[in-house]
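>>> this one's sequence-less:
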């Protein structure tokens with residue numbers, strides 16, 4: 001998922017340093033440690049506003065995590 005976000009940012013001539021906000025939706029029962037580690041790695045040490053929301057399910061049953069990112073160039 002973060003590789004897709006990185007590709008979108010690159011297409012817009014942006015990168016992790018341009019991210020100002022992340023909202024992560026996680027299905028209850030998923031491993032938060034791996035979700036947060038992936039987020040932290042993708043942000044490359046940049047501190048941004050970050051919200052975590054536990055949800056019972058997402059739009060597709062196979063989806064376990066959804067991320068909304070706001071980036072400003």
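Sure, I can see it. Note that the structure is a prediction, hence the values are computed from the model and not measured.
>>> what helix or strand is the closest residue to residue 1 other than its chain neighbours located in?
Among residues not flanking residue 1 along the chain, residue 67 sits closest, at 6.1 Å (CB to CB, 6 or more residues apart in numbering). (Each C-beta comes from the backbone N, C-alpha and C, glycine too.) In the assignment (DSSP states H and E), residue 67 maps to strand 65-71.
>>> and that strand, what's buried?
Neighbour counts over strand 65-71 (16 or more other CB atoms under 10 Å) mark 65, 66, 67, 69, 71 as buried.
>>> again with stretch 33-41
35, 39.
>>> doesn't residue 51 belong to a helix?
No: if the criterion is DSSP: H, G, I helix; E, B strand; the rest coil, then residue 51 is strand and not within a helix.
>>> now do the contacts for it.
Contact analysis of residue 51 by CB atoms under 8 Å, 6 or more residues apart in numbering lists 21, 22, 23, 24.
>>> angle of the biggest strand by length in the chain against strand 65-71?
The longest strand of the chain (DSSP state E) is strand 19-27. Angle, strand 19-27 to strand 65-71, by axes from the mean of the first three to the mean of the last three CA atoms, to 10 degrees: 170 degrees.
>>> who's in contact with the residue nearest to residue 1?
Here residue 67 is in contact with 1, 2, 5, 22, 23, 24, 25, 39 (CB under 8 Å, 6+ apart).
>>> and the buried ones among the residues you listed, selectable in ChimeraX?
Buried residues among the contacts of residue 67 (16+ other CB under 10 Å), as a ChimeraX selection:
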select :5,22,24,25,39
